[in-house]
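> Provided below are the primary sequence and the corresponding predicted coordinates.
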Amino acid sequence: MLIKRYVVNNMNEAMTRIRYELGKDAVIISQRKIRKPGIKGFFSPKLIEVTAAIENASKKAKEPAREQNNLESSIESIKKLMEKEISKEAINPIAKNALKNQNEILKEIKISEDKNEPQQDNLLKEMKEMKNMINNLTKGSVNGIEESDFKKSLRNKLKDNDVDTIYIEELLEDINDDDIEAGSKIKEKMKTQIKTINQDLKGKVVLVGPTGVGKTTTIAKLAGRLALIEKKKVGLITVDTYRIGAVEQLKTYAEIMNLPFKVVITLKEMEEATSQMSDCDVILIDTTGRSSKNSMQISELRAFIQKANTKNIHLVISATTKNKDIKPIIEGFSVLGYNNLIITKLDETSVYGSILNIAELAKKPISYVTTGQNVPDDIKAFSEDQIVKLILGEETIC
């Protein structure tokens, strides 16, 4: 007997190859859907793994003695295949019992040979039964292996918290069901994906980001924290000239906190404003909300940042941002050379997986998060541990 395994895109391709290589008398033993190995396999179309066999009838007629050995060898081959498909990583008793029953079927095939019963018809019948059994056992599993309740629970928790699928698979990779430290290992893995920085702000600090993420309010919170709590001398500059309301809002905050405030429209005015505030410990620069897709606006903003002559640039992005929108924002603003992240509006969502998605895509540390509308109270520097607990539902922002 000749047994061959094929990995194909569809059954038509499988049948063509089987008929060409094994002939029209070949029998399909099993078929199942599989994925390509690795993380990328989760985003690729499923493949079909087909196992087929052919009984060499001519050799059987000429060499009856060898046929007995061939039959026994084929029985062992099928047993090994079944053990690999079902027993090796089966975690439920139903699969194990099925394997035991299957071995009994294989023994009966051998007994029928000893009794000189018609072997080919019996063998083909048993192969078809094996095929049905394998297909039934592998339905609803991942790559033919049933996932444990433990991993399902972890997977669902991360998914329910909007962690991107690709990062879920990375987190669950190499996690064993019987590992009592699995929970801690997941947290440690998440900490490697989320980095925070607790920096002492000084010099010129620029905030950039798309519209509607709360940059102006965040600037006001930072100014209040630095001026009222850390007792630093703070200056405010805005180039948000497209929204008069935002300029007036920041101006009002500056007047309340008695901070110097400048509105700049041209590059020359940016240079003059920063020069006039050179005695400040920190100069916070608010910018116009821009679309990450508008390269002209981004280039204009880049010119203002270059004129400000600073490398301390924070990308402000909302925790409510949809996963599919995160990548365009991260990539669109990357030309500005931002080196930190500020995650806003944590109070406007109940799930926080987007924080991990943002941090992993940007590969930049998180400097601050905002948790409400109160100035200056609702801006905080969270640790990696706090963010991980927030994502896993072990901590709240209240």
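All right, it came through fine.
> mind checking the SS state of the residue lying closest to L228 once chain neighbours are set aside?
Among residues not flanking L228 along the chain, P376 sits closest, at 6.2 Å (CB to CB, 6 or more residues apart in numbering). Backbone N, C-alpha and C define where each C-beta goes, glycine included. Following DSSP: H, G, I helix; E, B strand; the rest coil, P376 is assigned to coil.
> now P376: how far from V234?
Per CB to CB, to the nearest Å, P376 is found 11 Å from V234.
> higher neighbour count, these two?
Shown here are P376 and V234; by other CB atoms under 10 Å, V234 has more neighbours (25 against 17).
> Mutual contacts of P376 and V234, please.
Counting by CB atoms under 8 Å, 6 or more residues apart in numbering, the residues touching both P376 and V234 are A223.
> ok now stretch 362-369, how far from the chain's centre?
Mean-position distance between stretch 362-369 and its chain equals 18 Å (CA atoms, centre = their mean, to the nearest Å).
> and that stretch, how far apart are its ends?
Taking CA to CA, to the nearest Å, the first and last residues of stretch 362-369 lie 16 Å apart.
> go on, stretch 35-50?
13 Å.
> pLDDT-wise, which helix or strand of the protein ranks last?
For the chain, using mean pLDDT, DSSP states H and E, the weakest element among its helices and strands is helix 57-62, scoring a mean of 45.
> For the protein, which segments count as strands?
Secondary structure of the chain (DSSP state E): strands at 2-8, 27-34, 47-54, 203-208, 234-238, 261-263, 282-286, 313-318, 340-344, 366-370, 379-380.
> worst average pLDDT in these?
For the strands of the chain, mean pLDDT drops lowest on strand 27-34, to a mean of 81.
> and it with strand 2-8, angle?
Orientation check (axes from the mean of the first three to the mean of the last three CA atoms, to 10 degrees): strand 27-34 against strand 2-8 gives 30 degrees.
> could you dump strand 27-34 to CSV, C-alpha only?
The C-alpha coordinates for strand 27-34 follow below in CSV (Å, rounded to 0.1, in the frame of the first residue of the first chain):
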residue,chain,number,x,y,z
VAL,A,27,-8.9,6.2,-1.8
ILE,A,28,-9.0,9.4,0.3
ILE,A,29,-8.3,8.4,3.9
SER,A,30,-8.7,11.9,5.5
GLN,A,31,-9.1,15.5,4.8
ARG,A,32,-8.9,18.6,7.0
LYS,A,33,-8.5,22.3,6.9
ILE,A,34,-5.1,23.7,8.1
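> Strand partners (parallel or antiparallel) of that strand?
strand 47-54 (antiparallel) (DSSP bridges).
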